[in-house]
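A.B. asks: My questions are about this predicted structure, shown below with the sequence.
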Amino acid sequence: MTTTSGAAVPARRVGRLRLAAVIVRAGLRSQLANRADFAMAVANGVTYQITVLLFATVIFSRFSSLGGWGLGEILLISSIRMLGHGLYMLFFGNLGLIPHLLREGRFEAFRTRPAPVLLQVFTYEAPINALGDLVVAGASLTVCLSLVDVTWSAGRAVLPGRRGRRCHGDRAGAQSAHRGSGAAVQGQ
């Protein structure tokens, strides 16, 4: 460190992403210091997501389909939701801690440090539960994609079109068009 007019100046500037990576690595090392706590946090994430899958399976043990959707299709939707939830918790889950930090008076410490406040909040705690969420989401998504006849490509995943597998959405669209024409739909 060199000083200029009494103020400390780092010898080398560190980018925000590099700083975030250093803070996250330090947080993970501190979480790994207590291996039992780390394992419990991952198991908590796994258990929570497995209960979602078990709930859907129990429902389908009673009913063969829901609105024309089969077990594989419902579990695929659930797996995509789990993946989104895991990614959200991994990158943005600490935002939910802001009210807690404010109530306990710990938020002010972020304002006194020479790093962006939002970056400090994002890296405040290592989101270990998210690792369990992502493990179950990845496994479930892999299994569901093998059960359901869906043709995926990178382009289709980003910009889905109407081509490819015609499924229940087409039937619902035909029913709503039929209802819109003024004709009554029998048996519904």
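C.D. replies: Looks like it came in fine. Since the structure is predicted, the reported quantities are computational estimates derived from the model, not experimental observations.

A.B. asks: what's stretch 96-113 in contact with?
C.D. replies: For stretch 96-113, the surrounding residues in contact (Cβ atoms under 8 Å, 6 or more residues apart in numbering) are 117, 120-121, 124-125. From N, CA and C alone the C-beta is placed, and that goes for glycine too.

A.B. asks: Quick one, which of those are buried?
C.D. replies: 120-121, 124 (16 or more other Cβ atoms under 10 Å).

A.B. asks: I'd like to know which elements the helix or strand hosting I59 is packed against.
C.D. replies: Element membership for I59 (DSSP states H and E) is helix 35-62. Applying 3 or more Cβ pairs under 8 Å, 6 or more residues apart in numbering; DSSP states H and E, we find helix 35-62 packed against helix 16-33, helix 71-92, helix 128-147.

A.B. asks: Which of these has the lowest mean pLDDT?
C.D. replies: Lowest mean pLDDT within these: helix 16-33, a mean of 80.

A.B. asks: picking up where we left off before, mind giving me CSV with the helices and strands packed on helix 35-62 and columns for mean neighbour count and distance to V58?
C.D. replies: Formatted as CSV, those follow (neighbours: other Cβ atoms under 10 Å; distance: least, Cβ to Cβ, whole Å):
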stretch, mean neighbour count, distance to V58
helix 16-33, 13, 33
helix 71-92, 18, 11
helix 128-147, 18, 16
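
A.B. asks: Out of those, flag the one nearest T47.
C.D. replies: helix 128-147 (7.7 Å; Cβ to Cβ).

A.B. asks: Show residues contacting the closest one.
C.D. replies: With Cβ under 8 Å, 6+ apart as the criterion, helix 128-147 contacts 31, 38, 41-50, 53, 71-72, 75-76, 78-80, 82-83, 85-87, 89-90, 93, 152.

A.B. asks: quick one: it to chain centroid distance?
C.D. replies: Averaging C-alpha positions (Cα atoms, centre = their mean, to the nearest Å) puts helix 128-147 11 Å from its chain's average.

A.B. asks: what do you get for stretch 78-90?
C.D. replies: Centre-to-centre, stretch 78-90 and its host chain are 2 Å apart (Cα atoms, centre = their mean).

A.B. asks: if we can go back for a sec, tell me the buried residues in the helix holding I59?
C.D. replies: Counting neighbours by 16+ other Cβ under 10 Å, one finds that the buried residues in helix 35-62 are 38, 41-42, 45-46, 49, 52-53, 56, 60.

A.B. asks: May I see those residues arranged in a markdown table, with distance to V136 and pLDDT as well?
C.D. replies: A markdown table is the format used below for those (distance: Cβ to Cβ, whole Å; pLDDT from 0 to 100):
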| residue | distance to V136 | pLDDT |
| --- | --- | --- |
| F38 | 17 | 83 |
| A41 | 14 | 83 |
| V42 | 10 | 84 |
| G45 | 7 | 83 |
| V46 | 5 | 86 |
| Q49 | 4 | 84 |
| V52 | 9 | 84 |
| L53 | 8 | 85 |
| A56 | 13 | 81 |
| F60 | 18 | 79 |
